[in-house]
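*Asks:* need a structure here:
(one chain, ligands or ions: 1)
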Amino acid sequence: MTDLRTVVSEIAQEMAGRSERGTVAHYIPELACVDPARFGIAVMLADGTQIAAGDCDEPFSIQSVSKVFTLTLALGKVGDGLWRSVGREPSGNAFNSIVQLEQEQGRPRNPFINAGALVVTDTILSGHQPREALGEILRFLHFITGDDGIGIDEAVAASEKQTGYRNAALANYMKSFGVLDNPVAHVLGVYFHHCAIAMSCRQLASATRYLAFLGRNPDTGHSVISVERARRINALMLTCGHYDGSGEFAFRVGLPGKSGVGGGIIAVVPGIASVAVWSPGLDPVGNSRLGTEALEMLARRMHWSVFG
Ligand code: GLU
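*Replies:* Residues are numbered from 1 along each chain as shown. The predicted structure follows:
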């Protein structure tokens, strides 16, 4: 079998030499300061071995990757009732688009576009103060990684709050349809803060494990979520995890994955591994350019695919 260590180190070497790296997200000013030359990768296997390279220990802004963890929490809280207020179809639109909301009476297409993620955040928030809801999200990450050091980059959260006009528009618009239960300011506050969670590739690969191993931590055998729920979250990552680039990602990489505008991507190789990559330069759709390429190389060379 192809040696995973060799493949991971060759990918990191190759990516270090690339000059075309995409463009860092500018609409959140704090993210515009990130060095586009960074690249990290971490692969975590069933036995807990981590094979990592590049800037794999450097925390970065996980942004929309956090939506996988908030979706997991919201489903744990209200179960399938969540699907009354958010759909499960790819949007075919930009991540922050508002147009479909009008045609579809404020019910977002899926939990990974911004509008859908705001509904998920609203669900977690119900019955709590914003601080408690954030505490719950962080506690979940600490629990699944065994790492209490994971926290929020307050500068990124403040930066997004200052410029988050689109998200404020989406939240207000949905509120007008009665889709959000909590005050718009609370929903936005919790959303901006969970997007501003900082994690390294190693931490993210570890956090993604339960999705690669039937909802369980393969070390302890403890269940995080049911098998069915893990499968469904993976299905949503495959169909909706890369916004309007989801079809392209499935075509090129062939694994469930979720990207964020901080340049991180998590991916799941069912029964084999969880993976996290980071390269801050984005393609025009908002997905990490080199991160996608790295995952494509990894999947091809390891013969990893959910399509056989
Ligand atoms: N916090 C970002 C926003 O709401 C997340 C977008 C992303 O990572 O794709 O615009």
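*Asks:* Return the residues of this structure in contact with the ligand.
*Replies:* For the chain, the contact set with the ligand under Cβ under 6 Å from any ligand atom comprises Gln63, Ser64, Phe95, Asn96, Asn114, Glu160, Asn167, Cys195, Gly260, Val261, Gly286. Yep, even glycine has a C-beta here, placed from its N, CA and C like the rest.
*Asks:* okay, now the fourth one: neighbour count?
*Replies:* Number of residues near Asn96 (other Cβ atoms under 10 Å) recorded here: 18.
*Asks:* Please apply the same query to the last one.
*Replies:* Residues contacting Gly286 under the criterion other Cβ under 10 Å number 23.
*Asks:* Same question for the third one.
*Replies:* Taking other Cβ under 10 Å as the criterion, the count of residues near Phe95 is 24.
*Asks:* Tell me the secondary structure of the closest residue to Val184 other than its chain neighbours, please.
*Replies:* Leaving aside its sequence neighbours, Val184 sits nearest to Ala171 (Cβ to Cβ, 6 or more residues apart in numbering; 4.7 Å). Under the three-state scheme (DSSP: H, G, I helix; E, B strand; the rest coil), Ala171 adopts helix.
*Asks:* how about whichever helix or strand Leu101 is part of: buried residues?
*Replies:* Assigned by DSSP states H and E, Leu101 belongs to helix 99-103. By neighbour count on 16 or more other Cβ atoms under 10 Å, the buried set for helix 99-103 is Gln100, Leu101.
*Asks:* Count residues in the vicinity of the closest residue to the ligand within the stretch 101-250 of the chain, would you?
*Replies:* Nearest residue of the stretch 101-250 of the chain to the ligand: Cys195, at 3.5 Å (Cβ to the nearest ligand atom). A count of nearby residues for Cys195, using other Cβ under 10 Å, gives 29.
*Asks:* what's the answer for Phe177, then?
*Replies:* 14.
*Asks:* so what's it closest to, chain neighbours aside?
*Replies:* Nearest non-adjacent residue to Phe177, counting by Cβ to Cβ, 6+ apart: Gly106, 2.7 Å away.
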